[in-house]
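Visitor: Predicted model, plus sequence, below.
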Amino acid sequence: MTILDESTLMTDGPHYPTHRTPVFAQNMVATSQPLAAQAGLTMLANGGNAIDAALAAAICLTVVEPTGCGLGSDAFAILWDGSQLHGLNASGRAPAAWTPEQFDAGVPQRGWGAVTVPGAVSAWVALSKGHGRLPFAQLFEPAIGYARGGFPVSPTIAGLWAKGAELLKDQPGFADCFMPGGRAPKAGETFRNPALAATLEAIAESGGEAFYRGALAGKIAEAARANGAALNEADMAAHKPDWCGTLQMPFRGYELREIPPNGQGIAALIALGLVDRTGIANYGPDDPVALHLQIEATKLALVDADVHVGDTDAMAFGPEALLSANYLDSRAALIDTRRADDPGAGAPLAGGTVYLSAADADGRMVSFIQSNYMGFGAGVVVPGTGIHMQNRGAGFVATPGHPNRVGPSRRPFHTIIPGFVTKSGAPEMSFGVMGGPMQAQGHLQMMLRTMLWGQDPQAASDAPRWQVVSGRKVAVENAMPDAIVEALRAMGHDVVREGTAAEFGFGGAQLIRRMGDGYIGGSDHRKDGGVAGF
């Protein structure tokens, strides 16, 4: 086990407004919803390992945080199994009947026309079979209990639920499932989803087969047909997750690990490689110049991801070409250390995602993310099942020749990315920052705050965040000090204060880092969850 030297933690450095302190334990789960964290911890207490804990938490989140995920989600994972690192891509593909000509104006953002094959259930099966310790069905017990017996809706999720309901109330099946009594549940009110409980039982008992090749697959396909969509039983049955390994970017004795495309993790790697070629280490974590350098590197990284990344089968070259030293040298030379530039980064979209991390006393660590994409996904619910579907098809583009052009059985560009850090190949930190286009940017910010400036996971999460929007426009949280904002503006950045610390736009981080004979964890105060451990 890699040991974190406690002297490297910046315990006497900058402190940020928060009600949270870092958590220390030998077994740990960090999630965005407290009931899910407890579900994971229950598995650890019952003899399970970190993989069991992560899966129980992920399954529970489909019930207690439906604003970010559901059974219609996709998922990705990076895990250390005690001796080796693995990467899993469980994102689904477009229906085989989709053609580029159908979507000259682009794939719609909502409704059945945006739905691709959901992959999250296949991730649960693959991770449990390959690395879990407990029976698969046992992992579902907390989620089934909350779906059938009900759970009190937590505050941040209640706010997102209300916004989603206003937008999606007319989508097929949405109001029947998610608006009991004609409205979204308020914070503290009990919400029950008995149809989802029965669906979870069917998945648990069949080892996932019911979802992809059984009765549930049939109901999904039937609902698609009833709404004029192409998704069918053959598309569901053809799905499989891929053990894909990871890409990495070395950084001062550490390695940032990300899942290869079709996801945006490569943007975090590019940005890290670029800032490492600047003088960023000469500045503190909250120095305006340090923020400027990160922002400029992120713009370049997002442009590369936007232009070059899609389904790996459709990319003109392998992702390693974007990470080569010569290429990064040439891109870093474009960064003006004192002036903002406009390399043409695209404007990001909002998203809805859940991220969690788990670790056990035997050294296993799991970084896991699943998402319906935009909040509540496509907004459609399969009748009688509680299954609400993702809208990942909206991640495609209609541009001819683009690697992310919509097409039959292609995987779309994905925003959701789990992060992982190794030190000379040994596990160091499992982390992620949910939040659409904020994710790669958040990974860069967390990586630098923990591995360069030595901040503990909670402090790194608490720090005010920035987000590249488009051109020279940068959004910052209201907690960002005025002096930093004015300094960035003086460098040519178009800075806007956007949102509050409780809003979704700046993401939600969960981090677990090795320390001594256990771990130190942090959980984002922008979310309802926390770190649980023993």
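Guide: Sure, I can see it.
Visitor: so where's the stretch 1-150 of the chain shaky on pLDDT?
Guide: Within the stretch 1-150 of the chain, the stretches with pLDDT under 70 are 1-15.
Visitor: just so I have it, where are all the strands in it?
Guide: 23-25, 28-31, 74-80, 85-90 (DSSP state E, counting those that start in this stretch).
Visitor: same check, this time on the stretch 301-450 of the chain
Guide: 352-359, 365-373, 381-382, 387-388, 419-423, 426-434.
Visitor: which neighbours does the fourth one have in its sheet, and in what orientation?
Guide: Based on DSSP bridges, the strands next to strand 387-388 in the sheet, each with its direction, are strand 381-382 (antiparallel).
Visitor: What mean pLDDT does the strand it pairs with get?
Guide: Per-residue pLDDT over strand 381-382 has a mean of 98.
Visitor: Could you pull up phi and psi at the closest residue to residue 386 other than its chain neighbours?
Guide: Once flanking residues are discounted, residue 386 sits nearest to residue 196: 2.7 Å by Cβ to Cβ, 6 or more residues apart in numbering. All C-beta spots, glycine's among them, are computed from the backbone N, C-alpha and C. Phi and psi for residue 196, reported as degrees, to the nearest 10, are phi -70, psi -40.
Visitor: need the contact list for residue 196.
Guide: Counting by Cβ atoms under 8 Å, 6 or more residues apart in numbering, residue 196 touches 62, 63, 71, 147, 385, 386, 387.
Visitor: where does the stretch 251-400 of the chain have low pLDDT?
Guide: In the stretch 251-400 of the chain, residues with pLDDT under 70: 344-352.
Visitor: change it to 90
Guide: For the stretch 251-400 of the chain, the stretches flagged by pLDDT under 90 are 263, 305-319, 321, 342-354, 374-375.
Visitor: Helices of that one, start to end?
Guide: With helices called from DSSP state H, counting those that start in this stretch, the stretch 251-400 of the chain shows them at 265-275, 288-308, 325-332.
Visitor: which stretch among those helices comes nearest residue 519?
Guide: Closest approach to residue 519 among the helices of the stretch 251-400 of the chain (Cβ to Cβ): helix 265-275, 22.3 Å.
Visitor: circling back: closest to residue 275 out of the strands of the stretch 1-150 of the chain?
Guide: Closest approach to residue 275 among the strands of the stretch 1-150 of the chain (Cβ to Cβ): strand 74-80, 21.7 Å.
Visitor: just the angle between that closest one and strand 85-90, please?
Guide: Compare the direction of strand 74-80 with that of strand 85-90 by axes from the mean of the first three to the mean of the last three Cα atoms, to 10 degrees and you get 170 degrees.
Visitor: to the chain's geometric centre, what's the distance from strand 74-80?
Guide: 10 Å (Cα atoms, centre = their mean, to the nearest Å).
Visitor: strands paired with that strand, and their directions?
Guide: If you go by DSSP bridges, strand 74-80 pairs up with strand 85-90 (antiparallel), strand 365-373 (antiparallel).
Visitor: Out of those strands, which is the most enclosed?
Guide: Most buried of those by mean neighbour count (mean count of other Cβ atoms under 10 Å) is strand 365-373; its value is a mean of 31.
Visitor: Between strand 426-434 and that one, find me the angle.
Guide: Angle between the axes of strand 365-373 and strand 426-434 is 20 degrees (criterion: the same axes, to 10 degrees).
Visitor: can you state the direction angle for strand 365-373 and strand 352-359?
Guide: Going by the same axes, to 10 degrees, strand 365-373 makes 170 degrees with strand 352-359.
Visitor: Could you give the separation of strand 365-373 from the chain centroid?
Guide: Going by Cα atoms, centre = their mean, the spacing between the C-alpha centre of strand 365-373 and its chain's C-alpha centre is 5 Å.
Visitor: what do you get for stretch 517-530?
Guide: Chain-centre distance of stretch 517-530: 15 Å, with Cα atoms, centre = their mean.
Visitor: which parts of it are buried?
Guide: Neighbour-count burial for stretch 517-530, counted by 16 or more other Cβ atoms under 10 Å, picks out 518-530.
Visitor: re earlier: show me which of the contacts of residue 196 is closest to residue 411.
Guide: residue 71 (19.0 Å).
Visitor: Just send the strands of the stretch 301-450 of the chain back as a markdown table, with distance to residue 200 too.
Guide: Formatted as a markdown table, the strands of the stretch 301-450 of the chain follow (distance: least, Cβ to Cβ, whole Å):
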| stretch | distance to residue 200 |
| --- | --- |
| strand 352-359 | 16 |
| strand 365-373 | 15 |
| strand 381-382 | 14 |
| strand 387-388 | 10 |
| strand 419-423 | 28 |
| strand 426-434 | 22 |
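Visitor: Which segments of this structure make up each domain?
Guide: 6-243+351-395, 247-348+417-511 (automatic domain parsing).
Visitor: so which of those domains comes closest to residue 402?
Guide: Between residue 402 and these, the shortest gap by Cβ to Cβ is with domain 247-348+417-511, which sits at 6.9 Å.
Visitor: Kindly check the end-to-end length of the closest one for me.
Guide: By Cα to Cα, to the nearest Å, the extent of domain 247-348+417-511 from end to end equals 20 Å.
Visitor: picking that back up, turn the domains of the chain into TSV, including distance to residue 404.
Guide: What follows is the domains of the chain, written out as TSV (distance: least, Cβ to Cβ, whole Å):
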stretch	distance to residue 404
domain 6-243+351-395	7
domain 247-348+417-511	3
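Visitor: what's the closest of these to residue 401?
Guide: Among the domains of the chain, the nearest to residue 401 by Cβ to Cβ is domain 247-348+417-511 (9.2 Å).
Visitor: Just give me how far that closest one sits from the chain centre.
Guide: Mean C-alpha position of domain 247-348+417-511 versus that of the full chain (Cα atoms, centre = their mean) differs by 15 Å.
Visitor: and the helix or strand hosting residue 510, average pLDDT?
Guide: Per DSSP states H and E, residue 510 falls inside strand 508-515. The average pLDDT within strand 508-515 is 96.
Visitor: Which neighbouring elements make contact with it?
Guide: Counting contacts by 3 or more Cβ pairs under 8 Å, 6 or more residues apart in numbering; DSSP states H and E, strand 508-515 packs against strand 28-31, strand 352-359, strand 426-434, helix 438-447, helix 457-462, strand 518-523.
Visitor: Need these in TSV (columns: distance to residue 102).
Guide: Putting the helices and strands packed on strand 508-515 into TSV (distance: least, Cβ to Cβ, whole Å) gives the following:
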stretch	distance to residue 102
strand 28-31	38
strand 352-359	25
strand 426-434	31
helix 438-447	29
helix 457-462	42
strand 518-523	42
